[in-house]
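Asks: Return atomic coordinates for the entry below.
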Amino acid sequence: MVTSAEAVVEDVKQPLKLDVRDLSIYYADTPALENVTLDVREHEIFGIIGPANAGKTSFLKTINRMDMFTSNMKVQGDIYFNGFDIRKTRNIYALRSRIGVVFPLPVGLPLTIYENVALAPRLSGVSNKAELDIMVERCLTRAALWDEVKDRLDSLGSLLSGGQQQRLTIARALSQEPDVLMLDEFSIAVDPVTTMRIEDVLKELKSEMTIILVTNLVQQARRLADRTAFFLEGKCVEIGDTEDLFTGNAKQQSTIDYIEGKFG
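Replies: Prediction:
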């Protein structure tokens, strides 16, 4: 297991974006995640892998303060974002504008494609049509969707295919210009060719933001992540440079077994 002491002495190559200390998550009295300590650095893609019910999605929900919407979800520990304790912040909506999240199944707003992406900029005070047009095109392009929808921006987003709706969700998250973008198994509803296009976009976005990637595709983590954490049964078993973990240098046998597909 990764200890607090190990996390402290680990060589930090980039400033910290997120600093998670002794995080535990419970649903009623059932633990989903226990005593997790890790950090996420600026301008890195941080991968999280592990089987179902390992606590991966609960971890993302806590970072985004979505525990507020789950009555039986209890959180203990500290999470610092840019040095500020997010558990104590009063402006939750401002926090969520800085930490975007995309979940496995798309949740489209009952708006046109254009307005799905323009909504966050409008709420932040952008009203100039030309400026909004540029932002919408940029976000849809980054989400590998622009070429498919540029001639029907006034159509409802809910009429798009499942994979297109997922990419629209990514575009909407990018329209907030977040400091951190969290993706939870984004490729479940996306075809392999589009998945590779989005992966290329994520590599480019790393220069502008920090990305946390939860994936059930271990090779996707290998392709994208600078560092990877392995979650198992509510524990953070191991964190390491991704290539080290995938080339036989993992410290825990369970990590090796999972990466090699012996369970999952």
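Asks: where along the protein do the helices fall?
Replies: 4-9, 56-63, 92-98, 113-123, 129-142, 146-149, 162-174, 192-205, 218-224, 242-246, 253-259 (DSSP state H).
Asks: tell me which strands and helices the fifth one is in contact with?
Replies: The criterion is 3 or more Cβ pairs under 8 Å, 6 or more residues apart in numbering; DSSP states H and E, and the helices and strands that helix 129-142 contacts are helix 113-123, helix 146-149, helix 162-174, helix 192-205. Every residue, glycine included, has its C-beta placed from N, CA and C.
Asks: Centre of the chain to that helix, how far?
Replies: Chain-centre distance of helix 129-142: 22 Å, with Cα atoms, centre = their mean, to the nearest Å.
Asks: List the buried residues for that helix?
Replies: For helix 129-142, the neighbour count (16 or more other Cβ atoms under 10 Å) marks 132, 135-137, 139-140, 142 as buried.
Asks: Tell me how far the nearest residue in space to residue 226 that is not next to it in sequence lies from residue 225.
Replies: Residue nearest to residue 226 in three dimensions, not counting chain neighbours: residue 44, with 4.3 Å by Cβ to Cβ, 6 or more residues apart in numbering. Applying Cβ to Cβ, to the nearest Å, the value for residue 44 to residue 225 is 8 Å.
Asks: Mind checking which of these two has more residues around it?
Replies: Using other Cβ atoms under 10 Å as the criterion, residue 44 and residue 225 rank with residue 225 on top: 25 against 17.
Asks: Look up how far residue 199 lies from that one.
Replies: Taken as Cβ to Cβ, the span from residue 225 to residue 199 is 11 Å.
Asks: I'd guessed residue 182 sits against residue 98; true?
Replies: No. With contact defined as Cβ atoms under 8 Å, residue 182 does not reach residue 98; the gap is 11.4 Å.
Asks: higher neighbour count, those two?
Replies: residue 182 (26 against 15).
Asks: Quick check: beta-bridge partners of the more buried one?
Replies: residue 101, residue 212 (DSSP bridges).
Asks: what residues are up against it?
Replies: Going by Cβ atoms under 8 Å, 6 or more residues apart in numbering, residue 182 touches 60, 63-64, 99-102, 211-214.
Asks: Which of the residues you listed sits closest to residue 126?
Replies: Closest to residue 126 out of the contacts of residue 182 is residue 100 (16.7 Å), distances taken as Cβ to Cβ.
Asks: so what's the closest one up against?
Replies: Residue 100 neighbours (Cβ under 8 Å, 6+ apart): 173-174, 176, 178, 180-182.
Asks: Distance of the most centrally placed residue in the chain relative to residue 96?
Replies: In the chain, the centroid-proximal residue (Cα atoms, centre = their mean) is residue 182; its distance is 1.4 Å. Plainly put, residue 182 is 11 Å away from residue 96 if you go by Cβ to Cβ.
Asks: Spell out which residues are contacts of both of those two.
Replies: Joint contacts of residue 182 and residue 96 (Cβ under 8 Å, 6+ apart) are residue 64.
Asks: one step back: how about TSV for the buried residues of helix 129-142, with pLDDT added?
Replies: TSV is the format used below for the buried residues of helix 129-142 (pLDDT from 0 to 100):
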residue	pLDDT
132	96
135	96
136	97
137	97
139	94
140	95
142	88
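Asks: What is the nearest of these to residue 69?
Replies: residue 139 (25.3 Å).
Asks: Look up the closest residue to residue 55, ignoring the ones flanking it.
Replies: Spatially, and ignoring its direct neighbours in sequence, residue 55 is nearest to residue 33 (3.6 Å; Cβ to Cβ, 6+ apart).
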